[in-house]
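>>> this is the structure alone, sequence omitted:
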């Protein structure tokens, strides 16, 4: 079974829509089976061939996403990717990658001994970061 996805080039200064917002928009225009199940955020969509048309199959192949199944959170099916065909690079961000990035960013702060980051799965999909200071002041 194929998965319906949407590739979005966000406009600077405008809030990026989430998958829920896109599905809500689609619900007024498309049957449920055509609603997007994956959101991919990109800086640019490559134009292929002499006509400059977008090749949806080439985009899908270049993403090389893991299998998508029911029950995944919105963060699990929201990705960032570099689709520029000639660069040969691709960066996909998933839940594990996003939490690791938060922990790594916190670790760069001065005076930090250890860090952790977890996803709040109570519905907000917020990443919560925590740090252990290198030295603790006596109480």
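Structure's in. What do you need? None of the values given here were measured: they were computed from a predicted structure.
>>> now the strands: where do they sit in this structure?
Secondary structure of the chain, counting by DSSP state E: strands at 5-8, 38-42, 78-81, 112-119, 127-133.
>>> format these as CSV; extra columns: distance to residue 57 and mean pLDDT.
Quick note: C-beta positions are derived from backbone N, CA and C, even for glycine. What follows is the strands of the chain, written out as CSV (distance: least, C-beta to C-beta, whole Å; pLDDT from 0 to 100):
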stretch, distance to residue 57, mean pLDDT
strand 5-8, 12, 84
strand 38-42, 15, 83
strand 78-81, 15, 70
strand 112-119, 32, 83
strand 127-133, 33, 81
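>>> next, format these as TSV and append distance to residue 27 and mean neighbour count.
TSV is the format used below for the strands of the chain (distance: least, C-beta to C-beta, whole Å; neighbours: other C-beta atoms under 10 Å):
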stretch	distance to residue 27	mean neighbour count
strand 5-8	14	17
strand 38-42	15	19
strand 78-81	18	20
strand 112-119	26	15
strand 127-133	28	13
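>>> pick out the residue nearest the middle of the protein.
The residue lying closest to the centre of the chain (C-alpha atoms, centre = their mean) is residue 79, at 2.5 Å.
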